[in-house]
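S.K.: any chance you could fold what I've pasted below:
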Amino acid sequence: MSILDNRPGLAKQVGDVAEVAGYLWQKGWAERNGGNITVNITEHVDDAIKAMPAIAPKTPIGLTLPNLKGCYFYCKGTNRRMRDLARWPMQNGSVIRICDDCAHYEIIADEPVKPTSELPSHLAVHNYLIDKGSTYKASVHTHPIELVAMSHNPEFLKKDVLSNILWSMIPETKAFCPRGLGIVPYMLPSSNELAEATIKAIDDDYDVVMWEKHGVFSVADDVLEAFDMIDVLTKSADIYMDARAMGFIPDGMSETQMKEMTAAPPPPKNQNTMIKNSQPGPPPWGGAPVCVIHSYRMMNFACSQPPTLTTYTPLARCPTLSEMPDSPALMVSVIACEPLAATTATARLASATLPSVISTGTEPSVTVGRTLSPMTFSATF
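M.R.: Below you'll find the model as predicted:
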């Protein structure tokens, strides 16, 4: 049994984390066990979860965080790889509860996976966000190669120098990251001093903060939005470095052009691609998760609703194929799961038909209803 069972809201939160973990690994930003993700899941906690006993001893946070009393978080595990979290989020991360003294936490599900060593930094930021009345629930720390490289230039560490360079490279950066990139001078990773400096940078109205010669820390309403901001900033850094590699300094957009982007309506928030079964009843593979790659989006889905309903919500998301498709395609591959063993799930999937509708938003874009091969199914559209 998993804490995610029959809790679609909570399952989606963990699924989003797994999806982002896969992106971080694929981009080369998560070497070995590098990077961390922490999400405040308190709004998805029910009375049954509140009654769950701890499965590991209480652990001191190292700080007293009064705004986190009674809060619950999903956290990446210490020494756990993002590539593994993407495939098995509840074996490489855990759900923790902040104790009433606001100075300790306890693990309640699914396994006693000790959270990241940077947990105090992440929790201190969440404590600050709650104090300020922020809606932000997610924090992501990762090591984007191009941004870290640029942080080795002292000139770029001056206030808003790097923000203006990145904004000017491509219009989307100003649109999606209007607050720019804050700078925190190098400090010992996992230290309370780094947490305090990060909070000060966020308090200066930044959503994304560069830790000099280390990585980037991002906060947002959800983990996908936190990732997206880092992704957009890194694209701008890549454009800048490519131009320099070609032997010239890029002109960038003018101040007038960037002001036009600032005045433009904000872009829409991320919308996940959903899978809905077009026929009533349980999915033909018996509720076992499958890995879906749709237009370069990696998702695992499982039936988490009663059989009488037709909606299937994300359980976890991960890349499992060695290569991404060259054209938009739906790719399905079985992964090991409970209660079905991998071999059983494969056998069921081999003889099944997947009558599903792929939709982005409210309107379906393609209907799939073909027999699946033993491990892989592809439908290009």
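S.K.: so who does Ile41 touch?
M.R.: The contact partners of Ile41, by CB atoms under 8 Å, 6 or more residues apart in numbering, come to 10, 13, 72-74, 95, 137. In this view, the C-beta of every residue, glycine as well, is placed from N, C-alpha and C.
S.K.: list just the nearest of those residues to Leu194.
M.R.: Each of those was scored against Leu194 by CB to CB, and Phe73 proved nearest at 18.8 Å.
S.K.: that closest one in helix, strand or coil?
M.R.: With DSSP: H, G, I helix; E, B strand; the rest coil as the basis, the three-state label of Phe73 is strand.
S.K.: distance of it from His104?
M.R.: 13 Å (CB to CB, to the nearest Å).
S.K.: which residues are in contact with both of the two?
M.R.: The contact lists of Phe73 and His104 share Ile98, where a contact means CB under 8 Å, 6+ apart.
S.K.: looking at these two, which has the bigger crowd around it?
M.R.: More crowded of Phe73 and His104, by other CB atoms under 10 Å: Phe73, with 24 against 16.
S.K.: if that one is in a bridge, with which residues?
M.R.: Asn40, Ile96 (DSSP bridges).
S.K.: residue numbering should commence at 789 henceforth.
M.R.: Got it, first residue is 789 now, which makes that one Phe861.
S.K.: for it, give me its contacts.
M.R.: Applying CB under 8 Å, 6+ apart to Phe861 gives the contacts 826-830, 883-884, 886, 911, 914.
S.K.: out of these, which are buried?
M.R.: Burial by neighbour count, 16 or more other CB atoms under 10 Å: within the contacts of Phe861 this picks out 826-830, 883-884, 886, 911, 914.
S.K.: what pLDDT does Arg1136 get?
M.R.: pLDDT, the model's per-residue confidence, is 31 for Arg1136.
S.K.: go ahead and confirm Gly970 touches Val997.
M.R.: Yes. The criterion here is CB atoms under 8 Å, and Gly970 meets it with Val997 at 4.2 Å.
S.K.: joint contacts of those two?
M.R.: Listed as contacting both Gly970 and Val997 by CB under 8 Å, 6+ apart are 989-990.
S.K.: which one of the contacts of Ile829 is nearest to Leu950?
M.R.: Distances from Leu950 to those, taken by CB to CB, are shortest for Lys925, at 26.6 Å.
S.K.: contact partners for the closest residue to the closest one other than its chain neighbours?
M.R.: Leaving aside its sequence neighbours, Lys925 sits nearest to Asn828 (CB to CB, 6 or more residues apart in numbering; 4.4 Å). Asn828 makes contact with 859-861, 914, 925-926, according to CB under 8 Å, 6+ apart.
S.K.: make TSV out of these and add distance to Glu1013 and pLDDT.
M.R.: Formatted as TSV, the contacts of Asn828 follow (distance: CB to CB, whole Å; pLDDT from 0 to 100):
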residue	distance to Glu1013	pLDDT
Cys859	20	97
Tyr860	20	98
Phe861	17	98
His914	15	97
Lys925	10	97
Ala926	7	97
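S.K.: and of the residues you listed, the nearest to Ala1031?
M.R.: Among those, and counting by CB to CB, the member closest to Ala1031 is Ala926, at 32.2 Å.
S.K.: low-confidence ranges, the stretch 939-1088 of the chain, go.
M.R.: 1051-1088 (pLDDT under 70).
S.K.: 50 instead?
M.R.: For the stretch 939-1088 of the chain, residues meeting the criterion pLDDT under 50 lie at 1059-1088.
S.K.: could you pull out the helices for it?
M.R.: Counting by DSSP state H, counting those that start in this stretch, the stretch 939-1088 of the chain has helices at residues 949-957, 959-964, 980-991, 1011-1033, 1043-1051.
S.K.: Lys815 is nearest to which of those?
M.R.: helix 1011-1033 (7.8 Å).
S.K.: report the buried residues of the closest one.
M.R.: Per 16+ other CB under 10 Å, helix 1011-1033 contains these buried residues: 1011-1029.
S.K.: now stretch 938-958
M.R.: Buried-residue list, stretch 938-958, by 16+ other CB under 10 Å: 938-939, 944-945, 949-951, 953-958.
S.K.: now what about that stretch, what contacts it?
M.R.: By CB under 8 Å, 6+ apart, stretch 938-958 touches 961-962, 965, 968-969, 971, 973, 998-1002, 1021, 1023-1025, 1027-1029, 1038, 1040-1041, 1046, 1049.
S.K.: only whichever of the residues you listed are buried, select them in PyMOL.
M.R.: Buried members of the contacts of stretch 938-958 can be picked out in PyMOL with the line below, counting by 16+ other CB under 10 Å:
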select buried, resi 961+962+965+968+969+971+998+999+1000+1002+1021+1023+1024+1025+1027+1028+1029+1040+1041+1046+1049
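S.K.: the closest residue in space to Gln1045 that isn't next to it in sequence: neighbour count?
M.R.: Distance criterion CB to CB, 6+ apart; nearest residue to Gln1045, sequence neighbours excluded, is Pro959 at 7.7 Å. When counting by other CB under 10 Å, one arrives at 15 neighbours for Pro959.
S.K.: who's in contact with Pro959?
M.R.: 1041, 1045, 1049 are the contacts of Pro959 under CB under 8 Å, 6+ apart.
S.K.: tell me how many other residues surround the second one.
M.R.: What it means is Gln1045. As a burial measure, Gln1045 scores 13 neighbours (other CB under 10 Å).
S.K.: helices of the stretch 789-938 of the chain, start to end?
M.R.: Using DSSP H, counting those that start in this stretch, helices in the stretch 789-938 of the chain cover 796-814, 835-838, 870-875, 907-919, 933-938.
S.K.: show me what counts as buried in the shortest one.
M.R.: It stands for helix 835-838. For helix 835-838, a neighbour-count test (16+ other CB under 10 Å) marks Ile837 as buried.
S.K.: before I go, just wanted to say thanks for your time.
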